[in-house]
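Colleague: Coordinates for the following, if possible.
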Amino acid sequence: MYQQLADLLREQIRAGELAPGAFVPSESSLMQEYELGRPAVRNAVAVLRQEGLVVSARGARTMVRPALQREVVELRAGDEVIGRMPTDPERRDLGIDPGEPILEVTRAGGEKLILPAGANLLRAAP
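Modeller: Numbering: from 1, shown residues only. Sure thing, here's the model as predicted:
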């Protein structure tokens, strides 16, 4: 049941019915509207949080992830990029949610950049 609720909320987010920055209905509202128990509602929201569609903090309402302003990172000849999941210290340092991947850019000279994948746009330098 929780997967069906997650699918429904995901579709509302993608369709713009739940816009970036909007609050997801409360657990109580979702329980009542869809006749589900608290564990099913919490599991559905957890799925969306892991997918990076919503953000929540203890004691605060769950919100559709605000639209990100992406920074452009210019790649030069000889630069290498890999995408991977961050270590716990990297995740904490970058302030990103669990499940959000990172980009590891190694410059031709050996310098390494660790960047949140969702907040950066890679572009070849002219």
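
Colleague: Distance-wise, check the residue nearest the centre of the chain relative to L68.
Modeller: Centroid-nearest residue in the chain: G52, 2.3 Å away (criterion: CA atoms, centre = their mean). Distance from G52 to L68, counting by CB to CB, to the nearest Å: 10 Å. C-beta here means a position set from N, CA and C on the backbone, and glycine is covered the same way.

Colleague: hey, what's in contact with both of the two?
Modeller: Taking CB atoms under 8 Å, 6 or more residues apart in numbering as the contact rule, G52 and L68 both touch G118.

Colleague: The residue lying farthest from the centre of the chain: what secondary structure?
Modeller: Going by CA atoms, centre = their mean, the residue of the chain most distant from its centre is G109, 31.2 Å out. Here G109 is coil, with the state taken from DSSP: H, G, I helix; E, B strand; the rest coil.

Colleague: pLDDT score for it?
Modeller: G109 carries a pLDDT value of 90.

Colleague: now swap in P20 and tell me
Modeller: Predicted confidence (pLDDT) for P20: 93.

Colleague: ok, now the one 3 residues further on?
Modeller: On the pLDDT scale, F23 is placed at 95.
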